[in-house]
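Peer 1: Next one to model:
(chains A and B)
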Amino acid sequence: MSQKDKTYKGKSIEGLGEMPEMLSGVSKENPFTVPDGYFDRLPVMISERLKEENENRFYRIVKSMYFKPRLALATAGIVTVVLVSLFLISNHSNEILPDISDISISDILYENPDFFNSVEESDILNIFFVNLEDEQNFLSDLEFSDITDDELIEYLSNDDIETDELLYNL
Amino acid sequence: MTEVGDKKILEFFREESSRHYGFNLLVRKYQQRVYMHIRRMVIVHDDADDLVQDTFIKVWKNLSNFRNDSQLFTWIYRIATNEALSFLKQKKRKYMLLTFDLHHYDKLLTGNIQDDNYFTGDEVELKLHKSLLILPEKQRLVFNMKYFDNMKYDEISEVTGTSVGALKASYHIAVKKIEEYLRLN
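Peer 2: Predicted structure coming up:
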């Protein structure tokens, strides 16, 4: 034993921890007993508890969410933010949609008989087709299907289109 | 049955296929010592039963983190000790709030030893165990491990995280208090 181990708070502790004289006659036999077969059943009880613990794992996670104040506060905060956001979005949408839905196309045409005359073809295409691919499909399906090869060759020969440019666009 | 070594138990436990088998060996090897350690602290069999189960559940959950830098038994003892001390702390607080008496629970435990069907000691042993209940929990813990379990101070130090010097002093004070109690009663 080192010198350090022989003192505690500056006092000698040598000889401490020896069997006290008065207790030397007292039996060290364990006077605590257990019900019959207890130590045979204990490993089984522990195994069953482990099985239950695994089954209730998910339930405990949910339970801890609701019974731990910090988690509960965090959850409440997130739910509040989500609800307020949804409320604001739905209110904003309601302000615009009724106005649009209230407008009938026939009303517009009735009040503006020259509506289509004042609109360019490209504007209509821009309204109906959200992307270039749709527009090209539409043109190929509807317009070019009626054009004959002769008409197309004539158009190309009359217009000033370079062969390279044509190939590039194809 | 031959007792399986700690090393073998840990090997079984680390293999997924033999984990339950290894744990079962561990429980069977240490259950009696863990039970008695806890029972001496909480006195009542039913409480000791709950705490032993809780202890082994914690052992199961944490055994994969066990490093061989301490003995397996002192590691399990430490878990059992913490379980018992937490339990006693809760009980004492509960009874103190109900009765405004700091030592109400200690008095209850003294009565429990006397009426316990599972206490088979003679009169002298009964007196000794009653005298232990006058000690603060940590002193009682040190006395139990030294006197009944014959543990070395180094091992007790591993369990309690207290220096050997402090443990010797604690044991010495406990013995003095017990002798005083036995002299007066």
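Peer 1: Contact partners for the closest residue to chain B within chain A?
Peer 2: In chain A, no residue comes nearer to chain B than residue A:31, which is 2.9 Å away by Cβ to the nearest Cβ. Quick note: C-beta positions are derived from backbone N, CA and C, even for glycine. Listed by Cβ atoms under 8 Å, 6 or more residues apart in numbering or on different chains, the contact partners of residue A:31 are B:119-122, B:125-126, B:129.
Peer 1: From the residues you listed, list the ones also adjacent to chain A.
Peer 2: B:119-122, B:125-126, B:129 (Cβ under 8 Å from any Cβ of the partner chain).
Peer 1: Tell me which of the residues you listed fall in strands.
Peer 2: With DSSP state E as the criterion, strands contain none of the ones next to chain A among the contacts of residue A:31.
Peer 1: Give the helix, strand or coil label for residue B:162.
Peer 2: In the three-state summary, residue B:162 is assigned as coil, counting by DSSP: H, G, I helix; E, B strand; the rest coil.
Peer 1: what about it, neighbour count?
Peer 2: By the criterion of other Cβ atoms under 10 Å in any protein chain shown, residue B:162 has 17 neighbours.
Peer 1: list the contacts for it?
Peer 2: Neighbours of residue B:162 in contact, by Cβ under 8 Å, 6+ apart: B:142, B:156, B:170.
Peer 1: Adding distance to chain A and neighbour count, write those out as JSON lines.
Peer 2: Listed next are those as JSON lines, based on distance: Cβ to the nearest Cβ, whole Å; neighbours: other Cβ atoms under 10 Å in any protein chain shown:
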{"residue": "B:142", "distance to chain A": "10", "neighbour count": "29"}
{"residue": "B:156", "distance to chain A": "10", "neighbour count": "25"}
{"residue": "B:170", "distance to chain A": "9", "neighbour count": "25"}
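Peer 1: which stretches of the chain have low pLDDT?
Peer 2: Reading this off chain A. Residues of chain A meeting the criterion pLDDT under 70: A:1-27, A:58, A:60-67, A:92-110, A:112-147, A:156-170.
Peer 1: wrong one, I was asking about chain B
Peer 2: The low-confidence ranges in chain B, as defined by pLDDT under 70, are B:1-2.
Peer 1: Show me it divided up by domain.
Peer 2: Domain assignment for chain B, taken from automatic domain parsing, gives B:1-119, B:122-185.
Peer 1: Need the distance between the two termini of the shortest one.
Peer 2: What that stands for is domain B:122-185. The first residue of domain B:122-185 is 15 Å away from its last residue (Cα to Cα, to the nearest Å).
Peer 1: starting at the chain centroid, how far to that domain?
Peer 2: Chain-centre distance of domain B:122-185: 12 Å, with Cα atoms, centre = their mean, to the nearest Å.
Peer 1: If any of the ones next to chain A among the contacts of residue A:31 are buried, put those into a PyMOL selection.
Peer 2: Command for PyMOL that selects the buried part of the ones next to chain A among the contacts of residue A:31, burial taken from 16 or more other Cβ atoms under 10 Å in any protein chain shown:
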select buried, chain B and resi 119+121+125+126+129
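Peer 1: if we can go back for a sec, so can I have TSV of the contacts of residue B:162 showing distance to residue B:82 and secondary structure?
Peer 2: Formatted as TSV, the contacts of residue B:162 follow (distance: Cβ to Cβ, whole Å; DSSP: H, G, I helix; E, B strand; the rest coil):
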residue	distance to residue B:82	secondary structure
B:142	15	helix
B:156	14	helix
B:170	18	helix
